[in-house]
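> Here is a sequence together with a model predicted from it:
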Amino acid sequence: MEITVVIPTLNEEEAIGEVVGGFVKRGYRVLVIDGNSKDRTREIARDSGAEVVIQSGRGKGQAIAEAFDIVDSDILVLVDGDGTYLPDEVEKLLDPILKGKAEHVVGNRFANFERGAFTRLNLIGNKLLNMFFRFAYGVDLRDILSGYRALKREVYKSVELKKSGFEVETELTVETIARGFRIVEVPITYRKRGGKTKLNPLKDGFRIGRTIYELMSRYSPARYLYIFGLVFVIAGILSGAFVVYGWFHRVTHYLLAILTALLIITGVQLVMFGLIADFIFRNYVEFRKELRRLKEMMESERRL
């Protein structure tokens, strides 16, 4: 299989040579998408054996979307250019794809990270965002924000990336799930970054959390409706408690009683709609998986 390693960069002259050289040494084609670095990132990348393309837009997400249009290899590997990931571990990500176990593989940084690789705030934020993702989508992934990934052509050519920043990993994960592709995690090493990180823990963390929630309405409608339904039901229970409390004290709240009923009825209906949406969504995903399985079987028989 033809494999291309894609590295989005912005001012990574300290580590890019080691990263590119590590993959070139192992025989992989390397493509660097550079976001108009002000240092020697592009020159060092070329000298180390990479093809370099200057990014047409801005942001990591836009760079990755641009790479998806350029590359046409059987497998595309995504990795950051800051030296936090080990080129020697790329086979760990490729193995599940080559064995037919997955179409998208994510490197789990929490399996083995160096001391200082995460600040306390980053570590807590990552854990919370991953918990939120598991609740929102019902998929047991532990590191959706990892920058080390491997994807088959059918995945990276079919996903629609609209986020231009650090939210791209979340969007890429959700797109994979929504389109019925198999996604798995493998343990990897995560090293301490040499220079200053470009990620703002609070600002970018908020954007990632908002992205998880926004995409939930498109790709996990059931849980999106569950949340709204739960809010309505809780509001109805609280207002109902106030109505009952007033009734015991010989005070009648007719209008509030009507509002209580409306809130609870609306909440229950939203939950019911969520159940129906979840049933439709899961059947849609299974249908796409079955179509893909049949297609692979037909291609295997054709080759034989």
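Ah, there it is. Not measured: the values here are computed from a predicted model.
> Low-confidence stretches in this structure?
The chain contains residues with pLDDT under 70 at 195-201, 217-218, 220, 285, 292, 296, 304.
> ok, which stretches of the stretch 1-150 of the chain are helices?
Along the stretch 1-150 of the chain, counting by DSSP state H, counting those that start in this stretch, helices occupy 16-25, 41-47, 60-70, 90-98, 120-137.
> Just put the ones you listed in CSV and tack on mean neighbour count.
Quick note: C-beta positions are derived from backbone N, CA and C, even for glycine. CSV is the format used below for the helices of the stretch 1-150 of the chain (neighbours: other C-beta atoms under 10 Å):
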stretch, mean neighbour count
helix 16-25, 21
helix 41-47, 19
helix 60-70, 20
helix 90-98, 18
helix 120-137, 16
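> Now tabulate these in TSV and tack on distance to residue 250.
Converted to TSV, the helices of the stretch 1-150 of the chain look like this (distance: least, C-beta to C-beta, whole Å):
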stretch	distance to residue 250
helix 16-25	75
helix 41-47	76
helix 60-70	61
helix 90-98	68
helix 120-137	43
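> Which stretch among those helices approaches residue 182 most closely?
Residue 182 sits nearest to helix 90-98 of all the helices of the stretch 1-150 of the chain, at 8.5 Å, using C-beta to C-beta.
> My guess is residue 74 contacts residue 3. True?
Yes: assessed by C-beta atoms under 8 Å, residue 74 is found in contact with residue 3 at 6.8 Å.
> higher neighbour count, the two?
Neighbours per residue, other C-beta atoms under 10 Å: of residue 74 and residue 3, the larger number sits with residue 3, 19 against 13.
> that older thread, just tell me which of the helices of the stretch 1-150 of the chain ends up closest to residue 160.
Among the helices of the stretch 1-150 of the chain, the nearest to residue 160 by C-beta to C-beta is helix 60-70 (8.8 Å).
> Remind me what that closest one packs against, helices and strands.
Helices and strands touching helix 60-70, by 3 or more C-beta pairs under 8 Å, 6 or more residues apart in numbering; DSSP states H and E, are strand 3-9, strand 29-34, strand 51-54, strand 75-78, helix 168-178.
> Save these as CSV, and put in distance to residue 136 too.
Output for the helices and strands packed on helix 60-70, formatted as CSV (distance: least, C-beta to C-beta, whole Å):
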stretch, distance to residue 136
strand 3-9, 26
strand 29-34, 30
strand 51-54, 34
strand 75-78, 23
helix 168-178, 9
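> of all these, which lies closest to residue 303?
Ranking these by proximity to residue 303 (C-beta to C-beta) places strand 75-78 first, at 18.4 Å.
> contacts for the closest one?
1-6, 8, 28, 64, 67-68, 90, 93-94, 97, 147-153, 156 (C-beta atoms under 8 Å, 6 or more residues apart in numbering).
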